[in-house]
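**Student:** Provide a 3D model corresponding to the input given below.
(one chain, ligands or ions: 1)
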Amino acid sequence: MAALFESRRHADDADQRREYVRYLARQRGPMIHALMLVATLAYAVAAIASTFIRSSALPLPLRLAPLLPLLLVAVTARRASEPRHLSLLALLCVLLLEGGINLNSIGSVHGGSGVMPGLLLPVASSVIWLARWDFLCAMALCALGPLPMLLIGDIDHTQVVQYLVYMCIAIMLSTVLRAFMARTLFAQFQLEQQLRERANTDDLTGLLLRNRFLELARRTLRELHQQQRPACLLYLDADHFKLLNDNHGHAAGDAALVALSRVLRGQARGTDLLARIGGEEFALLLPGLDLAQACRRAELLRQTVRQVERPDGPLTISVGVAACHLPHESIEALLARADQAMREAKREGRDRVISSRHPAAEQVN
Ligand SMILES: Nc1nc2c(ncn2[C@@H]2O[C@H](COP(=O)(O)OP(=O)(O)OP(=O)(O)O)[C@@H](O)[C@H]2O)c(=O)[nH]1
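**Tutor:** Sure, this is the predicted structure:
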């Protein structure tokens, strides 16, 4: 049992981490794109400016060769939404910049100073890495990138040591910046998640609220249409609820709502979508069920709910059932038809299931 809880906790953690990385990608995508454009522009300016400062063995057009791939990477990053793709593109950008820095240093009399711009990369890019693996790869690239030039170029030992010391400092700064940024962003992500959950969930019953239900149901109906599967909706309303409140107080009414939602949740399958859409009104979307199956489920629910005792007798519900006419019927229209059938059940005497098969609604029980 403990192992089961442990593995579920790990799965939840992994889900949350994945969600967090997607959140980061959404938040930072535009910044990553902007930084790539700035890096491309900075590379062009530095390469052109260096022709006036120091000699190079390579002509300017060759040294500007990384510009086109850098631009392509930046443009692709603008469209990328997958975190992994963004990370790979950012790493490619660093690789191209490192290649460019090496190109610009070939044959330079002051090769050592040519690789110095590479020291900016760890700090400048510290905020763009979405995970630990891409950060580590990036730091390794930054540290090792200019080493070929430093080792084979005409550079003295002092410059190599100076470069290594500065690079260590840059990587340490970058690590601290990233760690604090990641901590702040994770706290913000968790807070936003909590706020979103509270905004979507009913405090009393813990069920989804109307707007979130509509949003999720819309998505589910779209998927069901693609899979060519049916769907039905139950609209459930507690009977004579005002009487319960008036005669026994709102606390008794609240307790009945909690008991009712517990029964509904207990009877719902993993794929069903259950919500409290009004005071004592609930909706249950049943993916994959046709009208006959949905009516049977509704009838079973009605009977199970009856086992809950209110202070003045059994808790009863009136249920309207509607089958979705995919693909044209919206969730709002489906809800309205199920609501209409539920009202019909109220008129017929309550504590019953009515389906909205045709205008003269058909009674099931
Ligand atoms: N205790 C409690 N009562 C609520 C809550 N939300 C809505 N209600 C009450 O639910 C009652 C609904 O009353 P009506 O719409 O007249 O319906 P009803 O009395 O159930 O009558 P029928 O639906 O026709 O059977 C109202 O008295 C609302 O105040 C809630 O969260 N807690």
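**Student:** longest helix of the protein?
**Tutor:** Longest helix in the chain by number of residues, with DSSP state H as the criterion: helix 2-53.
**Student:** next structured bit after it?
**Tutor:** On the C-terminal side of helix 2-53, the nearest following helix or strand under DSSP states H and E is helix 60-63.
**Student:** tell me which residues of that following helix come out buried.
**Tutor:** Buried positions in helix 60-63, judged by neighbour count with 16 or more other CB atoms under 10 Å: Arg63. In short, each C-beta sits where N, CA and C put it, glycine included.
**Student:** mind exporting that helix as PDB, just the C-alpha atoms?
**Tutor:** Listed in PDB are the C-alpha atoms of helix 60-63, where the atom choice follows Å, rounded to 0.1, in the frame of the first residue of the first chain:
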ATOM      1  CA  LEU A  60      34.500  39.000 -43.300                       C
ATOM      2  CA  PRO A  61      31.800  37.100 -45.300                       C
ATOM      3  CA  LEU A  62      33.200  33.800 -44.000                       C
ATOM      4  CA  ARG A  63      33.200  35.100 -40.500                       C
END
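**Student:** flag every residue of the stretch 251-365 of the chain that's near the ligand.
**Tutor:** 253-254, 257, 279-280, 346, 350 (CB under 6 Å from any ligand atom).
**Student:** tabulate those (CSV), appending neighbour count.
**Tutor:** Output for those, formatted as CSV (neighbours: other CB atoms under 10 Å):
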residue, neighbour count
Gly253, 21
Asp254, 13
Leu257, 22
Gly279, 12
Glu280, 19
Lys346, 15
Arg350, 14
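**Student:** any chance of these in a markdown table with pLDDT and secondary structure as columns?
**Tutor:** Shown next, in a markdown table, are these (pLDDT from 0 to 100; DSSP: H, G, I helix; E, B strand; the rest coil):
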| residue | pLDDT | secondary structure |
| --- | --- | --- |
| Gly253 | 96 | helix |
| Asp254 | 97 | helix |
| Leu257 | 97 | helix |
| Gly279 | 93 | coil |
| Glu280 | 95 | coil |
| Lys346 | 97 | helix |
| Arg350 | 96 | coil |
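**Student:** the longest helix of the chain - contacts with which helices or strands?
**Tutor:** Judged by 3 or more CB pairs under 8 Å, 6 or more residues apart in numbering; DSSP states H and E, the packing partners of helix 2-53 are helix 60-63, helix 67-79, helix 83-105, helix 157-200.
**Student:** go again with 6 Å.
**Tutor:** helix 67-79, helix 83-105 (3 or more CB pairs under 6 Å, 6 or more residues apart in numbering; DSSP states H and E).
**Student:** same question for that helix, mean pLDDT?
**Tutor:** When pLDDT is averaged along helix 2-53, the result is 82.
**Student:** quick check: angle from that helix to helix 157-200?
**Tutor:** The directions of helix 2-53 and helix 157-200 differ by 130 degrees, with axes from the mean of the first three to the mean of the last three CA atoms, to 10 degrees as the criterion.
**Student:** now helix 2-53, how far from the centre of its chain.
**Tutor:** Helix 2-53 has its average C-alpha position 15 Å from the chain's average C-alpha position, going by CA atoms, centre = their mean, to the nearest Å.
**Student:** try stretch 188-202
**Tutor:** Averaging C-alpha positions (CA atoms, centre = their mean) puts stretch 188-202 13 Å from its chain's average.
**Student:** what does it contact?
**Tutor:** By CB atoms under 6 Å, 6 or more residues apart in numbering, the list of residues contacting stretch 188-202 from outside reads 20, 23, 209, 212, 276.
**Student:** flag every buried residue along that stretch.
**Tutor:** Neighbour-count burial for stretch 188-202, with 16+ other CB under 10 Å as criterion, is recorded at 189, 200-202.
**Student:** stretch 219-235 too?
**Tutor:** The neighbour-count check on stretch 219-235 (16+ other CB under 10 Å) flags 220-221, 224-225, 230-235 as buried.
**Student:** any idea which element Leu216 lies in?
**Tutor:** Element membership of Leu216, judged by DSSP H and E, is helix 210-226.
**Student:** if I look at the residue nearest to Leu185 when sequence neighbours are not counted, how far off is Leu273?
**Tutor:** Of all residues beyond its chain neighbours, the one nearest Leu185 is Leu24 (6.6 Å), with distances taken as CB to CB, 6 or more residues apart in numbering. Counting by CB to CB, to the nearest Å, the gap from Leu24 to Leu273 is 29 Å.
**Student:** repeat that for Pro146.
**Tutor:** As for Pro146, its distance to Leu273 is 56 Å (criterion: CB to CB).
**Student:** looking at the two, which is more packed in?
**Tutor:** For Pro146 versus Leu273, the count of surrounding residues by other CB atoms under 10 Å is larger for Pro146: 25 against 21.
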